[in-house]
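**Q** Return a 3D structure for these sequence lines:
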Amino acid sequence: MEATIIKSAELEVKLGIKRVIRMRVDILSLFPEMFVSPFNESIIKRAREKELLEINLINIRDFAAGKHQQADDYPFGGGAGMVMKADVVVPALESCKDADSWVIYLSPQGRPLNQTRVVELGQKSHLTLLCGHYEGIDHRVGDMLDEEISIGDYVLTGGELPAMVLVDAVARMIPGVLGDEESAREESFAHDLLEYPHYTRPRTFRRKEVPEVLISGHHEKIRLWRKKQSLLTTLLKRPELLLNREYDSEEKLLLQEILFNREL
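**A** Below you'll find the model as predicted:
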């Protein structure tokens, strides 16, 4: 199920969120070619064409000395793997860092990315993403970083795929990128809940019918059905999301219906 970064209006007010109307993203990578195709498709492509999102790809090797442009070296003290060199990474960061920059190092040791953090990052006008590789970067680069972010508790070959995930998520925060703000508000995690089930034509498929309420034309019943299904889906798939959530009176009644399997 697709997850979006768009939070409810209430959460944005609570967090003091002010959405930017245009965002610049600089991505520093040893393999910038990896980003070309993903960022030339779908929503990201349209955002760039509308000049809502500017993406700059920076090859870290361009800042390495010598004809071989070596950006990594063996670690002091021995050990497996290679380490990205401070005297290469720092000049690369300096080439694009300015007063508005928020520098993020994509690393498995970073803070796990969640919707709340993406909402907060969505108000930054300039993100600088450093893609790690090999055994990581020289620790002396740390003074230039604002934070480390991970997209999960697993190790990838490099930070390129996490950077793509982060850009895709944060870009959706920019007004006009999705084109349908109402759709964004209804997506998974928009209210700390997973999204309700969706149906489209045909009305009957292999003897499976669309729920009658969805074709009733009764908007209030449809709204309540969707909210109840959203709660049920979250309870079945991601129950931990419900633990620290504040519920309004309507949601409490719907949860009672679900838990006690009866209509109130």
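**Q** Mind listing what's buried along stretch 20-29?
**A** Val20, Met23, Arg24, Val25, Asp26, Ile27, Leu28, Ser29 (16 or more other Cβ atoms under 10 Å). To be clear about C-beta, it is placed using only N, CA and C from the backbone, and glycine gets the same treatment.
**Q** typo on my end, stretch 37-46
**A** For stretch 37-46, burial by neighbour count (16+ other Cβ under 10 Å) applies to Pro38, Phe39, Ile44, Arg46.
**Q** What of stretch 225-237?
**A** For stretch 225-237, the neighbour count (16+ other Cβ under 10 Å) marks Trp225, Arg226, Lys227, Lys228, Gln229, Ser230, Leu231, Leu232, Thr233, Thr234, Leu235 as buried.
**Q** okay if I get those residues as TSV plus secondary structure and pLDDT?
**A** Shown next, in TSV, are the buried residues of stretch 225-237 (DSSP: H, G, I helix; E, B strand; the rest coil; pLDDT from 0 to 100):
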residue	secondary structure	pLDDT
Trp225	helix	97
Arg226	helix	96
Lys227	helix	96
Lys228	helix	96
Gln229	helix	96
Ser230	helix	95
Leu231	helix	96
Leu232	helix	96
Thr233	helix	95
Thr234	helix	94
Leu235	helix	95
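**Q** Pick out whichever of those residues sits closest to Gly136.
**A** Closest approach to Gly136 among those (Cβ to Cβ): Thr234, at 35.7 Å.
**Q** and that closest one, what does it touch?
**A** Taking Cβ atoms under 8 Å, 6 or more residues apart in numbering as the criterion, Thr234 is in contact with Leu193, Leu194, Leu241, Leu242.
**Q** that's a helix at the second one, yeah?
**A** No: Leu194 is assigned coil when assessed by DSSP: H, G, I helix; E, B strand; the rest coil, not a helix.
**Q** my read: it touches Arg238, true?
**A** Yes: contact criterion Cβ atoms under 8 Å: Leu194 and Arg238 qualify, at 6.1 Å.
**Q** quick one, which of these two is more surrounded?
**A** Higher neighbour count among Leu194 and Arg238: Leu194, with 22 against 15, using other Cβ atoms under 10 Å.
**Q** And that one, its phi and psi?
**A** Backbone torsions for Leu194, taken as degrees, to the nearest 10, come to phi -80, psi 160.
**Q** all strands of the chain, in order?
**A** Remark: strands assigned in the chain by DSSP state E are 23-29, 53-59, 72-73, 83-84, 101-112, 126-131, 147-150, 204-205, 208-209.
**Q** if we can go back for a sec, any chance of the buried residues of stretch 37-46 in a markdown table, plus pLDDT?
**A** Formatted as a markdown table, the buried residues of stretch 37-46 follow (pLDDT from 0 to 100):
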| residue | pLDDT |
| --- | --- |
| Pro38 | 96 |
| Phe39 | 97 |
| Ile44 | 96 |
| Arg46 | 94 |
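**Q** Out of these, flag the one nearest to Leu145.
**A** Nearest to Leu145 among these is Phe39, at 23.1 Å by Cβ to Cβ.
**Q** Tell me the pLDDT of the nearest residue to that closest one once chain neighbours are set aside.
**A** The shortest distance from Phe39 to any non-neighbouring residue, by Cβ to Cβ, 6 or more residues apart in numbering, is to Ile55 (5.7 Å). Here the pLDDT value assigned to Ile55 is 98.
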